[in-house]
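Student: here you go, sequence then predicted model.
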Amino acid sequence: MGFGLPWALAGLVAVAIPVIAHLLRRQKLPKQTLPTIAFLHRIHATRAARLRVVDMLLLITRALLVMALVLVAAAPYRVAQSSLLDRQHALAIVFDDSMSMAAIHEGKTLIERAADSSIEQLERLPEGSEVSVVLSGKPPRVWVRRRTDLEMAATVLDEIDPRSTRGDALCDAVRTAVELLLESELSDRRLLGLSDFAPGTRADECEWQTRGIRVVFETVSTPNPDNRRIASVEVLGERESGEGMRLEVEIAGTVTPTPQKIRLRQKGQETYETPVEAIDGGGGAVLTIPAGSTDAVVELRLDPDDVLPADNVRGVLLGSDTVHVLLVDGDPHPDPRKRETAFLSHALGVAPRSGRSCAVETLDAQDLSESAIIRSDVLVLANATLDEKWLPLIQRFVSGGGSLWITAGDRINPRAYGSVLRELLPGRYTATRMEARPVSLQSTALPELAQAKVQGRTPIAETALGAIVTARFSDGSPAMVEHRYRSGRVAMFATTVDDAWTDLPYQPVFVPFVLDTLSRLAGRTDHAVEPHSAVSLPGSTSSQRIQVVTPTGRTVDLAEADRVSFRDTGEIGAYRVLVNGVHGARFAFVVNAPPGESDLVTNGPPEEDGGVQTVASDISEGVEQPLAPWLLLFAIVLLFAELWLRQIRRR
Amino acid sequence: MTHVLEPELAGRLAGLTFRAKRTVDGLLAGMHRSPHRGPSAIFKEHRAYRPGDDPRLIDWRAFARSDRYSIKHFEHETQLRGTLALDISPSMRWGSGDVSKLDYAATLLAALAYVLTRQGDAVSLITFDAAVRDRLPARSGPAHLDYMMRTLAEPSRSTSATALHSALDELIERAGRMGLVVIASDLLDLGDDALDPVARIQARGHQTIVLHVMDPAELELPYEQPMHFEGLEGEAPVEVDPKGLRRRYREEIDAFVASCQRRVVATGGRYLLARTDTPPEHALLRLLRDG
């Protein structure tokens, strides 16, 4: 039994009112002498006993009447065992389908057990009840929206992925469920939360805005929370080195007596395995990828599986060995030596062969093609003002992880760059000007830039928040500005990369300057995301076939509309992207287990308060039945009884 | 004394003459006829002489005519001996208005004493509760009347409940020869034998008049609110709502009054209910006219 307005119980002191009134009335009865009192005694003797009883009954009735009214005001309810059978309910089930709920106990995942429990509750609901189901995996999803077809609701509960890899968003899911319940016209509204309340739920950080709705949490957890997982993988060495690459794997969790292995999978094929050695608090293993492998991504699997197989898999990005650079020449010339990109091509051609190599492709601006952009890792627009039709593609290219370097010159149109690509750029080109006295360049990373003289420049203003100025002119204005845009990078250079406005190409520092810039722009993009997150993929022409191979080997053909953002990332491991059947080095990503979801030790449901109740198993426990109507009826009966007793007393 | 018998009342009573219904023997000759045979101005009858008769009562003339001894009976008026008995128990000191039952009863008895004294009768007074408290011998004359008035005005203070039976028994012993006995009381002695002495008083040849003095509040119980009622003669208090039992109460009181009347009348005595809310002269007139 409980009270909706427990503070109203303070009114119970009012029960003393009739008692005090009774006592005061007795004390304050006027005294009257009467010689014939013997006759009163004679008459009263027969009534006295009855009157005493009536008086006592009156007192009790009045006290009970006051008590009943106070209790009505306190909105009492009783917690019934099986009241779900009795009345129609609006029931919202918040169903935790996060990865931790995929833990297996006795052949069933916790999600399946929670589904069974939910179906049991649904079967207890009387006809006409309304059910909503909100999945609290990240992001929360309304699985069933206010349906009275309980059979259908039970059916779709069975369709929840029992091997979920989602993160947890219990707080948001409860809020969504409360909103759904508030939309219901049924007055008896309840919310059942089914979760393992593992650390990943962060239930203790939630603010339960239950808004008067009774919330009941049920813990569905595994008695065996010992879970092992691949905690981290460190990639050592270079692909081109003779020793190949080393992967140092750290295993978290209790190591079982059963021998464990780490299996290496490349392009869906298991190629290598090594035993896990016990280390303090976990285990470790080292794997070697032989030299000559061209894989951008591999996958590790911890064997054998434990209670939570999902986090026994981990994808590892190995990076690409070649940087594809596309030079777009905005000032072509029949003489190759006088082209805008001549010095750049030369610099890249003479670059030393250490580290990642560059594959350079040069196109005139008018010859630019979509496929050329997609093939590249870095797009250099040298003194080029592009047709606006390319600008959306370039934006998608950068969003998907490509890099863009724009260099100034007399052919660029600052206004065009400032309009369409404004969001993309780290700054805004202003009007080109020629200096009467040359200025020099300054860079802390390349002090030799100071030797270069610059006579013409297109100054960069309004640098974006987070942009980095890597080189400045001697007057302090930015010469090179860079920033990160979504998955890619963008750099702007305020002068030319040929000898039209500067003697920089003749300086020895030019080659390091170019290589350093491209190295930063083509740096390894961290393509590790959480399950079910969107991954930006490069745009492509409709003629190109884009496919994504998931960790389980499933191949997903992307339609034109899907190519910017790929969302089918529910599997944990390595994803490979094929363009016309060919692996693109940059087009690989991994999906790792959501943080916190590997810890299966339940923290238990949040502590009970006015709106939240925790139960061990059955939602029908704790179902509120308001008692106010019955108490009101009782009060009315007492009122009539009081009137009747008063009449009897008078008679 | 003056507040007991107001001069106005005394004046109005001056013209009234009390005549006893029955003849009483008195020490003084008066307007009342004596039941005793003997020397008198009014001859009644002759009867045969029986041994033991006073020889002085033999009518020698009748002997001469009839040669038989006859006794001559005379009927002559004698002085009335009135005994006034006033109940002074605590219950009599109560009144719902300005006049207590004791005041009212004392007024009536004072008026009666005044009337009797004016016609030359001897009047005695006793006050009683559980027993006789004050006692004035039968006398006539203004001095005695004044003394009686003072006693009526300031009777002894009583704390005892009324005990009619014992008090009237004692009255019988002191009432002496046949005469008039007037008892003024609220009769709140609810014992079954409370009024039995009235029969004995009657049997001794007295004319008994019972003035049943009652306050209207006692008769009607006019109270509207629940009250804490207290008695005056040691009764336990009681809290009742008068509205709830008024009807029963009145039935009880009516039965009580009727019972008192019936029991007094059954003995040959007279019963007169005197409500204290009626002017005392009305009650006195009823008493004298019917007497």
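Tutor: Here it is on my side, so go on.
Student: OK, contacts around the spatially most central residue of chain B?
Tutor: Central residue of chain B (C-alpha atoms, centre = their mean): residue B:182, 0.3 Å from the mean position. Residues counted as contacts of residue B:182 (C-beta atoms under 8 Å, 6 or more residues apart in numbering or on different chains) are B:82-85, B:109, B:112, B:208-209, B:211. Bear in mind the C-beta positions are built from the backbone N, C-alpha and C, glycine included.
Student: repeat that for 6 Å
Tutor: Counting by C-beta atoms under 6 Å, 6 or more residues apart in numbering or on different chains, residue B:182 touches B:84, B:209.
Student: any idea what it is bridged to?
Tutor: For residue B:182, the beta-bridge partners are residue B:84, residue B:209 (DSSP bridges).
Student: nearest residue to the residue in the stretch 551-651 of chain A that chain B sits nearest to other than its sequence neighbours?
Tutor: Closest approach between the stretch 551-651 of chain A and chain B, counting by C-beta to the nearest C-beta: residue A:650, at 4.9 Å. When the adjacent residues along the chain are set aside, residue A:650 lies closest to residue B:244, with 4.9 Å between them (C-beta to C-beta, 6 or more residues apart in numbering or on different chains).
Student: let's verify the one you found: helix, strand, or coil?
Tutor: helix (DSSP: H, G, I helix; E, B strand; the rest coil).
Student: one step back: the residue of the stretch 551-651 of chain A closest to chain B: how many residues sit nearby?
Tutor: 11 (other C-beta atoms under 10 Å in any protein chain shown).
Student: also residue A:388?
Tutor: By other C-beta under 10 Å, the residues close to residue A:388 number 11.
Student: which residues touch it?
Tutor: residue A:420.
Student: what residues does the stretch 151-291 of chain B have near chain A?
Tutor: Contacts of the stretch 151-291 of chain B with chain A, taken as C-beta under 6 Å from any C-beta of the partner chain, map to B:188, B:190, B:218, B:226-232, B:235, B:238-240, B:244-245, B:248-249, B:252.
Student: sorry, back to before: okay, the residue nearest to residue A:650: pLDDT?
Tutor: Note on residue B:244: pLDDT of 77.
Student: what's the answer for residue B:220, then?
Tutor: Residue B:220 is given a pLDDT of 92.
Student: which residue comes closest to it once chain neighbours are left out?
Tutor: That would be residue B:250: by C-beta to C-beta, 6+ apart, it lies 6.7 Å from residue B:220.
Student: cool, and residue A:489?
Tutor: Per C-beta to C-beta, 6+ apart, closest to residue A:489 is residue A:403, 4.5 Å.
Student: which residues of the stretch 51-200 of chain A fall in strands?
Tutor: Using DSSP state E, counting those that start in this stretch, the strands of the stretch 51-200 of chain A run over residues A:76-80, A:90-95, A:104-105, A:108-109, A:130-135, A:137-138, A:141-147, A:167-168, A:189-195.
Student: quick one, which of the residues of the stretch 151-291 of chain B next to chain A are buried?
Tutor: Neighbour-count burial within those applies to B:188, B:218, B:226-229, B:231-232, B:235, B:238-240, B:244-245, B:248-249, B:252; the criterion is 16 or more other C-beta atoms under 10 Å in any protein chain shown.
Student: those in helices, which ones?
Tutor: B:218, B:244-245, B:248-249, B:252 (DSSP state H).
Student: and chain B, what are its domains?
Tutor: B:7-23+B:79-290, B:35-75 (automatic domain parsing).
Student: is the top helix by length along chain A positioned near chain B?
Tutor: Longest helix of chain A, by residue count under DSSP H: helix A:37-73. Yes: contact of helix A:37-73 with chain B (C-beta under 6 Å from any C-beta) involves A:37-41, A:43-44.
Student: report the separation between residue A:12 and residue A:70.
Tutor: 5 Å (C-beta to C-beta, to the nearest Å).
Student: neighbour-wise, which of these two wins?
Tutor: residue A:70 (19 against 13).
Student: got the contact list for the most centrally placed residue in chain A?
Tutor: For chain A, the residue sitting closest to the mean C-alpha position, by C-alpha atoms, centre = their mean, is residue A:138 at 4.7 Å. Neighbouring residues of residue A:138 by C-beta under 6 Å, 6+ apart: A:166-169.
Student: over to residue A:454: give its phi and psi.
Tutor: The phi/psi pair for residue A:454 (degrees, to the nearest 10) reads phi -120, psi 130.
Student: try the one 10 residues further on
Tutor: Dihedral angles of residue A:464 (phi, psi; degrees, to the nearest 10) stand at phi -70, psi 160.
Student: excluding chain neighbours, what is closest to it?
Tutor: Computed as C-beta to C-beta, 6+ apart, the closest residue to residue A:464 that is not its neighbour in sequence is residue A:426, at 4.8 Å.
Student: same deal with residue B:252?
Tutor: residue A:39 (4.7 Å).
Student: just give me the neighbour total for residue A:165.
Tutor: Residue A:165 has 26 neighbours, counted by other C-beta under 10 Å.
Student: any idea how far it lies from residue A:440?
Tutor: 55 Å.
Student: closest to chain B among the contacts of residue A:138?
Tutor: residue A:169 (70.5 Å).
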